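In: compute the structure for the input listed below.
(one chain, ligands or ions: 1)
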Amino acid sequence: MTVFIGLPGNEGLARNLSSAAGGRVAGLECRRFPDGESYVRILDDVRGERVILVCTLADPDCHFLQLVFAAGAARDAGARRVELVAPYLAYMRQDRAFADGEAVSARHFANLISRVFDSLLTIDPHLHRIQRLSEVFTIPARALRAAPLLADWIIGNVERPLVIGPDSESRQWVEDVARQADAPYAVLGKVRRGDREVEISLPDLSRARGRRPVLVDDIISTGQTMLQAAAKLKTAGFPAPVILAVHGLMADDAYALLRAVSHAVVTTDSVVHHSNRIPIGSLLREALTLH
Ligand code: R5P
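Out: Numbers count the residues shown, from 1 in each chain. Presented below is the predicted three-dimensional model:
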């Protein structure tokens with residue numbers, strides 16, 4: 001039997017996946033010792049079972065140790081396999097050393113996960129200079145694509161959309177989404193000068209005048225990429241854009257800033273946030289039941 005265990009904040013998704021996959025849910029106690037260290041205990045029998053830990057990895061430094069301890073506890077309790085479902089996979093953007101001495105976090109994080117788990121299932125990881133998960137993971141690691149869900153949302157909610165990727169990396173998502181939503185698309189140019197400093201340039205979009213821009217990206221972190229893109233579109237005479245992302249990390253005041261310049265801000269629930277309008281449960285359920 002398959003046993004699903006949700007890390008704190010992921011219990012609902014674990015229940016949802018368990019009922020679709022015909023599994024059961026095991027309880028997990030997680031708390032902090034007075035000194036801030038983590039206490040983790042699996043509350044049900046998992047001996048001989050395939051255990052799937054469910055934990056989205058936004059804010060990973062806060063959650064990763066508990067996840068590692070939960071995986072260790074499952075193995076100590078005799079689990080046959082220990083797998084990870086992480087709707088958002090962290091640390092994929094630091095995929096090379098941009099300056100001497102920098103840690104290539106994507107590779108090191110993948111190494112850690114590969115040591116602890118037997119497999120990984122995730123959604124739209126940031127694959128750019130690393131093109132496939134197999135380049136950095138030594139376990140089977142599968143990436144699902146949220147494009148069909150984003151396209152369905154556009155079809156149901158936006159009239160005359162123009163799908164726009166804010167940078168070259170977003171082309172992979174934007175092309176898919178635009179094709180499935182039967183909409184035209186464009187890709188903007190981006191130069192990143194710092195964590196919160198990006199410059200966006202627009203190609204000639206005059207043929208798309210009168211359409212509603214739908215900015216599509218994998219991740220919103222500080223929101224600066226989307227903010228600068230929205231500002232350029234406004235200058236070019238477009239109406240306020242819909243801002244659509246798979247993973248809404250929404251650092252600091254990103255959400256408030258984006259709402260102020262957009263028609264709507266919409267994300268999937270891979271990371272729980274007020275902007276969630278697109279549930280990813282069906283995508284994961286399908287992948288797990290067909291597994
Ligand atoms: C990186 O290129 C990603 O695809 C996103 O464009 C980026 O993470 C967005 O970051 P921010 O919201 O901080 O501009």
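
In: what residues does this structure put near the ligand?
Out: 93, 126, 167, 169-170, 198, 217-225 (C-beta under 6 Å from any ligand atom). Just so you know, the C-beta spots here come from the backbone N, C-alpha and C atoms, and that holds for glycine as well.

In: which among the residues you listed count as buried?
Out: Neighbour-count burial (16 or more other C-beta atoms under 10 Å) applied to the residues of the chain next to the ligand gives 93, 126, 167, 169-170, 198, 217-225.

In: assign whichever residue of the stretch 51-200 of the chain sits closest to the ligand to helix, strand or coil.
Out: The ligand sits closest to residue 169 of the stretch 51-200 of the chain, with a gap of 4.6 Å, by C-beta to the nearest ligand atom. Counting by DSSP: H, G, I helix; E, B strand; the rest coil, the backbone at residue 169 sits in helix.

In: buried ones in the longest helix seen in the chain?
Out: For the chain, the helix with the greatest residue count under DSSP state H is helix 60-76. Using 16+ other C-beta under 10 Å as the burial criterion, the residues of helix 60-76 that qualify are 60, 63, 64, 66, 67, 68, 69, 70, 71, 73, 74.

In: please identify the helix or strand for the closest residue to residue 250 other than its chain neighbours.
Out: Residue nearest to residue 250 in three dimensions, not counting chain neighbours: residue 273, with 5.7 Å by C-beta to C-beta, 6 or more residues apart in numbering. Using DSSP states H and E, no element contains residue 273; it sits outside every helix and strand.

In: how many other residues sit next to residue 273?
Out: Other residues lying near residue 273 total 17 when counted by other C-beta atoms under 10 Å.

In: likewise residue 97?
Out: The number of residues packed around residue 97, counting by other C-beta under 10 Å, is 12.

In: from residue 138, how far out is it?
Out: 21 Å (C-beta to C-beta, to the nearest Å).

In: for residue 275, same thing?
Out: 35 Å.

In: look at these two and report which has more neighbours.
Out: Neighbour totals were compared for residue 275 and residue 138, and residue 275 leads with 22 against 11 (other C-beta under 10 Å).

In: spit out the contact partners of that one.
Out: Contacts for residue 275 (C-beta atoms under 8 Å, 6 or more residues apart in numbering) come out as 248, 250, 255, 265, 266, 267.

In: now the nearest residue to residue 263 once chain neighbours are set aside, what's its secondary structure?
Out: Distances taken as C-beta to C-beta, 6+ apart put residue 240 closest to residue 263, at 4.5 Å, once the chain neighbours are dropped. What three-state DSSP gives for residue 240 is coil.
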